[in-house]
Each structure stands twice: as C-alpha cells, then as structure tokens.
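**Q** Compute the structure for the input listed below.
(2 chains)
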2 protein chains.
Amino acid sequence: MASINIHHHRPLLSLLPILLVLSAFTPTTTDALKLGEFKREIYSGAQSLASTDIANNDYDKYAIYYYTQTLDHFDYQPESYATFPQRYAVSNVSWGGARNDSPILVYLGGESPVDYLLKEPLFLSEIAAHCNALLVYIEHRYYGESNPFGSREEAYANSSTLGYLSSSQALADYAELIIDLKKNLSADNSPLIVAGGSYAGMLASWFRLKYPHIAIGAFASSAPILYFDDIISPQHGYLDVVTKDFRDTSESCYKTIRESWSEIDRVGSQSGGLNLLSNIFHTCSPLNNTGLLKDYLYGTYCGSAQYNVPPVTDICSQIDQAQAQGADVLHRVFSAVNSSVAHGECLDVTSGEDPSVADGWNWQKCTEMVMPIGVSSNESMFEVDPFNITEFTKGCQKDYGITPRPHWITTEFGGHNIDSVLRKFGSNILFSNGLRDPYSSGGVLRNISDSIVATYTTQGTHCSDLEHSKENDPEWLVAQRTTEITTISGWIEEYKSRAAKTS
Amino acid sequence: MASINIHHHRPLLSLLPILLVLSAFTPTTTDALKLGEFKREIYSGAQSLASTDIANNDYDKYAIYYYTQTLDHFDYQPESYATFPQRYAVSNVSWGGARNDSPILVYLGGESPVDYLLKEPLFLSEIAAHCNALLVYIEHRYYGESNPFGSREEAYANSSTLGYLSSSQALADYAELIIDLKKNLSADNSPLIVAGGSYAGMLASWFRLKYPHIAIGAFASSAPILYFDDIISPQHGYLDVVTKDFRDTSESCYKTIRESWSEIDRVGSQSGGLNLLSNIFHTCSPLNNTGLLKDYLYGTYCGSAQYNVPPVTDICSQIDQAQAQGADVLHRVFSAVNSSVAHGECLDVTSGEDPSVADGWNWQKCTEMVMPIGVSSNESMFEVDPFNITEFTKGCQKDYGITPRPHWITTEFGGHNIDSVLRKFGSNILFSNGLRDPYSSGGVLRNISDSIVATYTTQGTHCSDLEHSKENDPEWLVAQRTTEITTISGWIEEYKSRAAKTS
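**A** The predicted structure follows:
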C-alpha cells in the first residue's frame, strides 16, 4: 500500500465530455445513457498498453498477457474454432503465492479497453493488499485489443462478425482463461473472487451464478441486473433517479431544467433562433438544430447524477445563482454548463463518446442489453419519452439489420422474483450500490440470504466505491468499503476453514 | 393411477440389438458404448407421433405441441435468428391446475426422439400422479422431429449445420420453451421440477445449476456428470463396472469371456477360420473379419450390464452350463448369445443402433461429450485398450473435420471437487444411480449437502428407477422410488410453505 499515490483535492476521475451518441445509431435521448464504471478521459484507442507504460506509474505493477481464446464456446461450426488473443493484466505485488493458497481477485472486464482500468489505481488494489491476493484484470472480447477479427474495422464491420459479441460468450471466455491461469500458476486451491462494476458487475454476479466451480464469490458494484424486461417499473427507473438527485438538491434548479427543453425548442424554431441559441450557449460551431444541444445537456445531467462529475450541487448552484441574478431559463442553464463543464471555453456539443466503448455497447444494447429506460411521468425534469420497444427495435434493425431480444437476459440469468429464487440457491454475492446512481434503480438493494448480500449508501454514485481511497473520502464511503473488504475476506476465511476441515 | 396398465412377466423394455456402431464413425470398441435412458426397440423413425397414436395406449394422454425455437441463443449473427419447431408433449391427467399452483414436471429430452419416452409409461407418470403435476416431455434439438434445418439430411449434412447441436444450446432451448409454456398456462407460481435419465439426467442437473430461476429442483437418474476430463480415474470407469458385474455373477463366466477375444482372433486368423467362426456363431451372413463379431459381443455384454437386458445372470448361466457340458470357449459364448439374444435365430452381427440416436450422439461425442472410456487393466474381461485422446481426436477429425473439446464440459458445468464446490452453493438436486450400471462410475453417489442428495442401489442398472413400477419389482427398487417421490414432494412442499410465508 505504501507505494500507492494518493491524489489530494482533485477529482480522481477526469472529465469525459460524455454520453452523447454520435454513432450511426438513430439518436434518441435515451440512447445517450450508458453504463461504464467510471468517467474516464477518452483513452487513446490506438495506444497499446505495454508493461512499461504501466510501470511508469508508481503504483501496482502489471504484467500483460494474451490468452488464446475460443471464438464460439457454444457451437461447433468450423468457424467456432477460430481463436483470438484475449488481453489480461496481472499484478502480483500483494499476492501471498500459490503455496499459501493465497486468493486471486479477478476483475471481469466490461465494455471498455482494459487500459481504462489500469490507468489509475482502483479499490481492487486495496482489497488485494488486504487479502494478499493476486490481482487480475481481463479485457472483454471486442474491446481494446481483444479483437476476434484481426482489425477493429473487420470485427465491427457487420452483424456477422459482431455476432460473437455477447455476455454469454464473454463469461465463457473468463471461465476458460481463469482455469488456464490457475493451472499455470499451480494455484488450484487458491480461492478466487470475481469483481466488476456496472456491466462488469453484472458479469461478475452472473459468473458466480453460472460458474460457482470457478469463483467462490462475486463482488458486483453498481450492477443493474434487474434493469431488464419488466422486472422494475419504468416509472422508477434511471431518469426518475436523475430527477430526484436534482430535485433533492434544489427545487428551483429542477424547475429550470424542466422548463428549459420547451424553451430551447421555442427559441430554436423561431427565425434566427438557432443562431440565438448558438450565441447563448457559446457553442464552438453554429447549431443546425436543437437536438444536439438537448442531447448534450441531457447527457451532462445524467453524467452528473451517475458519476457526480460535475457534482449536481455545482450545476444547481450555478443555475440558482444565475436565477437570483435575474437570468432567464436558457442563460441559467448556460451558466451551469459554462462553469461546470465547458470551463469558459466554447461548448462542443458534438463531442461524443469514446468509440472504442460506444460502438460495442450500442451493439450489445441492440441484442441482449435492452434496458427499458424512458420517461413516462410529467414530474420528470426530462421531457416525457416512454421507452418504446417497437421504435427501439426499428432503430436496431436499421443500424445493424438485427432485432433485439429483450427477454433473453432474464431467460438466461433470471431476475424475476430474485429474492425467493436465490434465498435458498447460491451464495457469496455482494451487491453494492449508491442511491444517487440512476442505475441503482435496477440494482439489488436488499440482502437475499446470509451470503447474498447488499450494501448501499444514500450518497453514493455509480461505482464510487470502486475508486481508490482518498484521504478526504466521506465516512459513508469508508464504511461501505470496509463492509466490502470484510465480506470478501469472510468468504476467503470460510473457504480456508472448510478446506482445512476436509483435508 | 388406476388407468395405468401394469404388464406382468414380460420385460417392460423390449430388446434393442444395440450398441454397435455402423455409422461413418471409425469403429473402435469404446465407440460402441452409448448413453440412453432405456433399451428401446428401434422406433420407426419415419413415423410421426400424433396425439391419436398416443391415445391408443390406455395410459396418460399427451397433447403434442411445437415451440418456435431460436437456433442460436448465444450469438447474434443473422443466421442465429433462424428458428425451428421444437416438439414437446404435455399430459394434464394428473395436474391440479395453475389456480392451485400445482407443480410441473418436465423431462428434458436427451439423445433420442421424444417418441421413445412416450411409448410406454415411465415412473415420471407416477411422480406426476403423486404430486398432481403437469407432465411435459421436451424433445432435444436435432433428435426426432425437432430438426433445425428442415430435413434430417440437411441438419446432419456437415459440421456447419450440425454445429448448433450442443448441450448449452439445448439447455437454453428448455429455458425459453418452459418460460413460454408457464406463461401460456398462467402458471407463474407453479413450482417446476426438471428430470431426466442418462444424458438427459445430466441436462437436468446442469439445468438446475444454470437456470435456478426456472426449475426449483432436478431429478437426475443415472447421470454420469463426473465422467469427463480427468475427474474420475479411467481405471474405475465404465468397463471395470461391466467386468465387476460379470465377475460378481460368476468367476468362470468372467474367465470365459476374458479368454474369448484372443480365441476369436486366433481362430479367425487361420485359414478358413472366418468360415468356422461364422458357423460356430450361426451368423446370418459370413464374417469378413473378426471385428464385427467382437463388437457385437462387446456391445451385448455392455448392454447386459447397463440395462440388465439380457440379464448378466442369464448370459453367465448359459456360459457356465455350456462349460459344464464340455464346450470350448467359443461355443460357450455362442450358447449365451444364442439363448439370450438371438433366441435361436441367426446372429445378425451387422444390426446396429437406431441412426436417429447414433448419428446425433456420435457428433456430440466428437465435440463436447468426450468420456474417457477405456481398459487399462489386465484384470478386465475386455482386451486392454486405454482411452487415447489423440486417436479419438483423429477419428473425429476424419469423420467430421472437427476437433473434440474434452475440457469444455468441466469448464462449463464443473465437476472437479464437486463436493466442496456445491456444499454451500446450489440446492435441490437428486442424483439416483444403480451400481450395476457401468455409468454409475461417473455418477454422484454421495450426498453433497442437505438438499443436493444421492440415492443408489447396489442392484440397480442404468435408469432402472425411471421405468414404470411393476408388481414384481424388488424391494430395493421400490424403496429407491419412494425416496425419489419423497424428495421431490419435499421440494414442492418447501416451496409452497415459503411462498405462503412471503405472500
């Protein structure tokens, strides 16, 4: 732990002017929402991650490996046997070694290159240090360098090549790779814990359910495993939490944002209105329509609620200050984004997501990961826009020639009546959430059994517990992380005590 | 129960002159071994099963349905979206109905057409009657009418079309179909139990592990889920149990069989020896080599041990009687097959398996279902012939252009250290075995936890508990079936009691 560099008084996670969709996917407001552990800077996609790059940082050292992975685990066509190099990173700085049956902690990568996870230290390093665990980060197929078809262009060319990008294939990748890794390490008896945040957290919890012979437990941070099919009511979903986050902060701020959408439309539809909007918002280039601006603002509010970057309090205090100074609705909103996001520079409403994340995730949303996110309440700070599976399907058919399977995730992984199903079945899953995270609306917030447990904080945001500890962390976050370390250590202790009894 | 026709004094399961491989697959002795719930007569493959056919029997009435099944559940190529009609049969004669949350008992079909299962009543009908359960039999993809590619010829044409025949795809089929069925029946709250024997029993136990949100329990009869990879020692496998069955019955019988192989080779290699062998064994057509005869005898002994058809005691008493009358080794063996198998007719050593079973199962063996069956001990009544994965692989590459994945089943479904892995994880699986069944060597014979339990009998054979009760059943078999009904009823009672508490 001594070598870990703790950064004071600056946000650990840099700003990513995120969430806008510039992909080929037909844009609607709800497309702008994404998962993702953290708000990271766009990482240079072309940059390869070599051990030496990482070694330049003065925290955990990682060695990078590539596993020869099977393309298709579930079918036996000749092409199923194709292989690709799957990248993973291993740090043994905390490991007690195979001889001592010391544990292995594996982060099951989600929808981003593994570089994102290694860029700055995470809480996983602290868990590893506490448990003397080997720390492994595995890259998800189709993201980063773990490309099944040689070039990114070929892999993402069409649905025939993209077709192997699925959660089940990813879980099977992890199973194969982990078995091979443990064998190579002669670490058969080392208890292994999987972890992940956001989509990766869903994968971790599903992995524990599907592969209990490989992982003795799973730590799933901000994993909205219930955000599928009809499990949760859309009225209590993502955008309602965003609204609540803002409204709890300031009723007037909430009202300003709520009024701004129609005001943008009203002004934009007037003669010269788009120029006026461009001037008001100090956009880097003139607006051609109001859509990009609205999407930009929409994404900013959602990002603020999800990641606390920029904090909702910052946005609202700017809005409310401007209101106190007599600004109209549009200037209030401009004041907030100018101060909190653009920092006085021109507003680049065309800045989008990192395509190395967005392209893959848009595909996954159009196949399995159909989360019915929408607005059906007039109380929302967003415009009413109910999730419409028919429209959603049309968009996917247009963009990929493919039809979503919105019931597949619940068929494969369950979720309906999760309490009664899992009360007797399964064990050792820890779900953590922060209630300010809009995705917590699809999270597991209650203990299901003695060993399938939940921890949440009212103030936490998306995967906030996965960030590395900082000196000024609030008590509730310190407490949540302590619970997490205690729970995971408990699984390991129990495993070792049972192993001792039977040996 | 009153309507069930109990047959006296005749074998419930008719003779299938089984186990020889006449398929394109390179024959070796161990290829002759197969799974399969029962020894059934070859069922006319062309004959379609209609409700009226079944109604002609005076037991449970079945209605036949077809579910529009997804070809590939795990990938999203355009071709993954193809569908096929999956056949299933439903009997509601015992069902208490959805309103009463009465249970549903689903037999997850294995490597045979569903007709095989409906032809004569099974013990499942009795469980259904006891529990007021709906009884459902689902046909496995690629077997019977549940053909993904229109015609059988096309489906079995090559590895590109056969490629979708896998256990994971089959389990996902069952998940989809069952969810749809429960929805159509408005039976959301009906507890559902899956069952199966042999390969189907493996599927049932795996289904409970992978889809606990769909089935509250699994009854797996004679399911050799540990017969993969290196879990059990080959020295304690299938052919050693066959040997034990014969040796326990008669040491001299065992010795005769053990000596017969080299004697057949010795005689067959002499000038005119094949004619002599043809005469001795009264073969329907002259032998061209000794291989077919040896395979036929090999298959007869294995079938006798596995299914008790013909009983090992019958074979051995014939052999020993002939020996007492001074017959030489070959005439002793002939005497046994003539009396117990050929029944005085000529011996058709070319009679093989039902291709509707063999073709699919040979494919499955060459992909996932690699069971390392061989003989490495001189004590065996069979010739030494260790399982050789290299040779096995070559045969599969030659026949299908495909390489087996012998580690896949343990990667996907576990099995190593099954006791310690499942002691805390999972619940409600009942494994039943009979120790005279050679496949019991890969079965679960010990209780793993309070609710993952095993029942075995020393005298039972392959899936003998799945046959319908008969008046003259031995006590041990009656007792085993009572345990099974009690266990399954217990799961249902517990489910209902928990449901009552939470509602």
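
**Q** Strands of the stretch 1-150 of chain A, residue ranges please.
**A** Under the criterion DSSP state E, counting those that start in this stretch, the stretch 1-150 of chain A carries strands at the ranges A:63-70, A:83-91, A:104-108, A:134-138.

**Q** Out of those, flag the one nearest B:G395.
**A** With Cβ to Cβ as the criterion, B:G395 lies closest to strand A:63-70 of those, at 21.5 Å. C-betas here are computed from N, CA, C, even on glycine.

**Q** Tell me the strands beside the closest one, with direction?
**A** In the sheet, strand A:63-70 lines up against strand A:83-91 (antiparallel) (DSSP bridges).

**Q** and the direction of the partner strand versus that of strand A:134-138, what angle?
**A** Between strand A:83-91 and strand A:134-138, the angle comes out at 150 degrees (axes from the mean of the first three to the mean of the last three Cα atoms, to 10 degrees).

**Q** on that earlier part again, please name whichever of the strands of the stretch 1-150 of chain A is nearest to A:G97.
**A** strand A:134-138 (8.6 Å).

**Q** Show the average pLDDT along that closest one.
**A** Per-region confidence: strand A:134-138 scores 97 on mean pLDDT.

**Q** Please give the number of neighbouring residues around the residue in the stretch 1-150 of chain A that chain B sits nearest to.
**A** Among all residues of the stretch 1-150 of chain A, A:Q77 sits closest to chain B, at 3.5 Å; criterion: Cβ to the nearest Cβ. Using other Cβ atoms under 10 Å in any protein chain shown, the number of residues around A:Q77 comes to 21.

**Q** who touches the residue in the stretch 101-250 of chain A positioned nearest to chain B in this structure?
**A** Nearest residue of the stretch 101-250 of chain A to chain B: A:H213, at 3.1 Å (Cβ to the nearest Cβ). A:H213 makes contacts with B:F413, B:G414, B:G415, B:H416, B:N417, B:I418, B:V421, as judged by Cβ atoms under 8 Å, 6 or more residues apart in numbering or on different chains.

**Q** now, which of the residues you listed sits nearest chain A?
**A** For the contacts of A:H213, the nearest to chain A is B:G414 (3.1 Å; Cβ to the nearest Cβ).

**Q** Please determine how far the nearest residue to that closest one once chain neighbours are set aside is located from A:R141.
**A** With sequence-adjacent residues excluded and distances taken as Cβ to Cβ, 6 or more residues apart in numbering or on different chains, B:G414 is closest to A:H213, at 3.1 Å. Shown here: A:H213 relative to A:R141, a distance of 22 Å by Cβ to Cβ, to the nearest Å.

**Q** you'd agree A:I389 is up against A:G374?
**A** No - A:I389 lies out of contact with A:G374 (Cβ atoms under 8 Å); the separation is 10.0 Å.

**Q** Pick out whichever of the two has more residues nearby.
**A** A:G374 (22 against 11).

**Q** The more buried one is in contact with A:G237, isn't it?
**A** Yes - counting by Cβ under 8 Å, A:G374 touches A:G237, with 7.4 Å between them.

**Q** residue in the stretch 351-500 of chain A nearest to chain B?
**A** With Cβ to the nearest Cβ as the measure, A:G414 is the residue of the stretch 351-500 of chain A nearest to chain B, at 3.1 Å.

**Q** mind listing what the residue of the stretch 1-150 of chain A closest to chain B touches?
**A** A:Q77 makes contact with B:S159, B:S160, B:G163, B:Y164 under the criterion Cβ under 8 Å, 6+ apart.

**Q** what pLDDT does A:Y88 get?
**A** Per-residue confidence (pLDDT) for A:Y88: 97.
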